[in-house]
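> Sharing a model that was predicted from the sequence below.
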Amino acid sequence: MNKYQKGLLKKYNLETSILVIASYPPRGGVYTSKTGGGLAPFTKNTITAISDYQRTTPTDGKIIVLAETLGREEIYEEGNVLVWRVFKRNSIVLYKQLFGAVSQFSKVRNILIEFEFNCYGDFFIASFFPFFISLLRIFNKNITLVLHQVIFDLSQLSGHLGFKGKSMKISIFNALIRLYYWFIASVSNNIITLEEEHKNRLAKLISEEKITAVPHGVDLNFKATSKSKARKKLGYRDDELVLLYFGFLTWYKGADFLVNTFAKRQYKIAGKRVRVILAGGDSPTLSSKPHYQDYIGKLRTKAEGSNTVSITGFVPQEDIPLYFAASDLVLFPYRTFMSSSGPLSLALSHKKPFLLSSSLKGYFLSPDFSSSLDQCGLREKDVLFSLRPTSLLKKVNALCSDFGYFNKLSAFSAQVAARRYFEVLVPSYLAVIGARQRSESLFSAGAFMRRLLAVK
């Protein structure tokens, strides 16, 4: 480490600083394939909003990000944020690397950790994560843990993980994952979930008092483009009905459901030829798994033989607005509500009307969703469809045949977006990060076992 880098560390080593541990996009970028998944852009948008907010306050607050290396270790500034690319993903030494970096900021007490499975490594690497948090607590750090996924029944992810639906293996893993959630939530001072539904689930294991639901933020910084210009650039016709799926192609997100529904025949809805766009590529965390290779292979074969369905591959940041502008409707055929959807936040950014599978009805437990629904004169059933082809087709046909219905759904998207801009959520984040709740005792095994057995 050179003299300039040491000076940066000293500059940011303040009691008012917030240290963030997370995946983070390359310098100057937000949405990129280099880091994989949606955690990196979420982190960048969240801390950019916090940093911008801090500049308007008299406090000398700064933000430090400890992120994965992208080929080599780096230390640099982005605005009022210090980025230290210090840990190697999927390496057992990453916890040593992280703890060594944390120890350089002796004055910093508040640590924000973004967590989802596979963000730091595979199952073996993730198994050590609870002990890393425990070590930070021993050194009197105030830990706020942002849980991007909360799911207790892995049978809901059987096709995603390559498991059989109901088996002894699933039962064992379900017990272990509840224990895992309990451990990491108990040793943390505060927990943030991204939807009310996930808060309610987690409250079955730990005290509800230490859990706060802060919605998945919405990025307002995309440059708008017209539908006609976007379609011309992408090669879509103006007289087509364009249905969009955005994000990685996975089983739990229902990519195969859309392909199976639309690939075999050419549909016309409201007098328009239907075009289905799957704007995304292979999941980087699953790409090496045999069951996923089989899944994605079949998916691509069916799409290649269809005149209706096309798969774009990973969409670069500059093209994201084009696909949303070109679409008429965004579809979310998810099979389970494991986490708050990053692609849905992008649909909200572009104020696009969308339909959700009934598996995602938990969204309406979040106050901003339910109040926006009422304000726009809609009901839950107007936004939801069941995972049957006939249900989806009927819903799309009703929507595209009723201009008033379509406009209400567009207004609903805009209403939710306005309540979820990253900038709007900053005070909620700062209130949680500044709270110093006591962690729960790790020795209350009896209480935990009662909760564990009660969770379904």
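Okay, I see it.
> Would you confirm that Ala40 contacts Val20?
No. Ala40 sits out of contact with Val20 when judged by C-beta atoms under 8 Å, with a separation of 11.8 Å. The way it works is simple: take the backbone N, C-alpha and C, and place the C-beta from them, glycine included.
> give the contact list for Ala326.
Applying C-beta atoms under 8 Å, 6 or more residues apart in numbering to Ala326 gives the contacts Lys227, Ala230, Arg231, Leu234, Tyr236, Val242, Leu244, Ile277.
> does the last one have beta-bridge partners, and which?
Following DSSP bridges, Ile277 is listed with bridge partners Leu244, Ser310.
> And the residue nearest the centre of the protein?
Gly342 (4.4 Å; C-alpha atoms, centre = their mean).
> Now do the domain split for this protein, please.
With domains defined by automatic domain parsing, the chain comprises 3-213, 227-420.
> Worst mean pLDDT among those?
Averaging pLDDT over each of the domains of the chain singles out domain 3-213 as the lowest, with a mean of 92.
> so what secondary structure elements neighbour the helix or strand where His160 lies?
Per DSSP states H and E: His160 is located in helix 158-161. On a contact count with 3 or more C-beta pairs under 8 Å, 6 or more residues apart in numbering; DSSP states H and E, helix 158-161 meets no helix or strand.
> Could I get the full set of helices for the stretch 301-450 of the chain?
Counting by DSSP state H, counting those that start in this stretch, the stretch 301-450 of the chain has helices at residues 320-326, 342-349, 367-375, 389-400, 403-420, 422-434, 445-454.
> What residues sit buried inside stretch 148-155?
His148, Gln149, Val150, Ile151, Phe152, Asp153, Leu154, Ser155 (16 or more other C-beta atoms under 10 Å).
> Leaving out chain neighbours, which residue sits closest to Arg300?
Ile311 (6.4 Å; C-beta to C-beta, 6 or more residues apart in numbering).
> Can you tell me the SS state at Phe117?
coil (DSSP: H, G, I helix; E, B strand; the rest coil).
> Isn't it up against Ala126?
Yes. Taking C-beta under 8 Å as the definition, Phe117 is a contact partner of Ala126 at 6.0 Å.
> related to what we said a few turns ago, tell me which of the helices of the stretch 301-450 of the chain lies nearest to Phe163.
helix 445-454 (20.5 Å; C-beta to C-beta).
> Now the helix or strand Ile191 falls within - C-alpha only, CSV.
Per DSSP H and E: Ile191 is located in strand 190-193. The C-alpha coordinates for strand 190-193 follow below in CSV (Å, rounded to 0.1, in the frame of the first residue of the first chain):
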residue,chain,number,x,y,z
ASN,A,190,-30.2,-4.5,13.1
ILE,A,191,-31.8,-6.2,10.1
ILE,A,192,-33.2,-4.7,6.9
THR,A,193,-35.4,-6.7,4.6
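> That strand pairs with which strands, parallel or anti?
strand 142-147 (parallel), strand 211-213 (parallel).
> okay, the angle between the lengthiest helix in the chain and strand 142-147?
Longest helix of the chain, by residue count under DSSP state H: helix 168-187. Here helix 168-187 runs at an angle of 150 degrees relative to strand 142-147 (axes from the mean of the first three to the mean of the last three C-alpha atoms, to 10 degrees).
> what helices or strands is helix 168-187 leaning on?
By 3+ C-beta pairs under 8 Å, 6+ apart, helix 168-187 packs against helix 129-138, strand 142-147, helix 445-454.
> related to what we said a few turns ago, which two in the buried residues of stretch 148-155 are spaced the farthest apart?
Using C-beta to C-beta, the buried residues of stretch 148-155 reach their maximum pairwise distance at His148 and Ser155, which is 20.5 Å.
> residue contacts, the closest residue to the residue nearest to the centre of the chain other than its chain neighbours?
Setting aside the residues directly before and after it, Gly342 is nearest to Gly38 in space (C-beta to C-beta, 6+ apart), at 3.4 Å. Contacts for Gly38 (C-beta under 8 Å, 6+ apart) come out as Gly247, Gly342, Pro343.
> Who are the contact partners of the second one?
Gly342 sits next to Gly38, Pro41, Phe42, His216, Gly247 when contact means C-beta under 8 Å, 6+ apart.
> ok, so of those residues, who is nearest Gln266?
Closest to Gln266, out of all of these and judged by C-beta to C-beta, is Gly247, at 24.9 Å.
> The closest one: neighbouring residues, count only.
Neighbourhood size, Gly247 [other C-beta atoms under 10 Å]: 22.
> repeat for Ser127
Quick note: Ser127 (other C-beta under 10 Å) scores 12 neighbours.
> That one and Ser188: what is the separation?
17 Å (C-beta to C-beta, to the nearest Å).
> and if you look at Ser359?
From Ser359 to Ser188 the distance is 28 Å (C-beta to C-beta).
> Please say which of these two ends up with more neighbours.
More neighbours surround Ser188 than the other of Ser359 and Ser188, with 28 against 19 (other C-beta under 10 Å).
> quick one: that one and Ser134 touch, right?
No. Look at Ser188 against Ser134 with C-beta under 8 Å: they stay out of range, at 9.7 Å.
> what are the C-alpha coordinates of stretch 335-342, in PDB please?
Output of stretch 335-342 as PDB, limited to C-alpha atoms (Å, rounded to 0.1, in the frame of the first residue of the first chain):
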ATOM      1  CA  ARG A 335     -42.400 -19.300  -8.900                       C
ATOM      2  CA  THR A 336     -41.600 -18.100  -5.400                       C
ATOM      3  CA  PHE A 337     -41.200 -14.800  -3.600                       C
ATOM      4  CA  MET A 338     -37.600 -15.300  -2.400                       C
ATOM      5  CA  SER A 339     -36.400 -11.700  -2.700                       C
ATOM      6  CA  SER A 340     -37.500  -8.300  -3.900                       C
ATOM      7  CA  SER A 341     -37.000  -8.300  -7.700                       C
ATOM      8  CA  GLY A 342     -34.300  -6.100  -9.200                       C
END
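> that older thread, cross the contacts of Gly342 against helices and list the overlap.
Pro41, Phe42.
> From the contacts of Gly342, pick the one nearest Glu77.
Nearest to Glu77, judged by C-beta to C-beta, of these is Pro41 at 19.5 Å.
> before we move on, the earlier item: deepest of the strands paired with strand 190-193, which one?
Mean neighbour count (mean count of other C-beta atoms under 10 Å) peaks for strand 142-147 among these, with a mean of 23.
> Cool, thanks, signing off.
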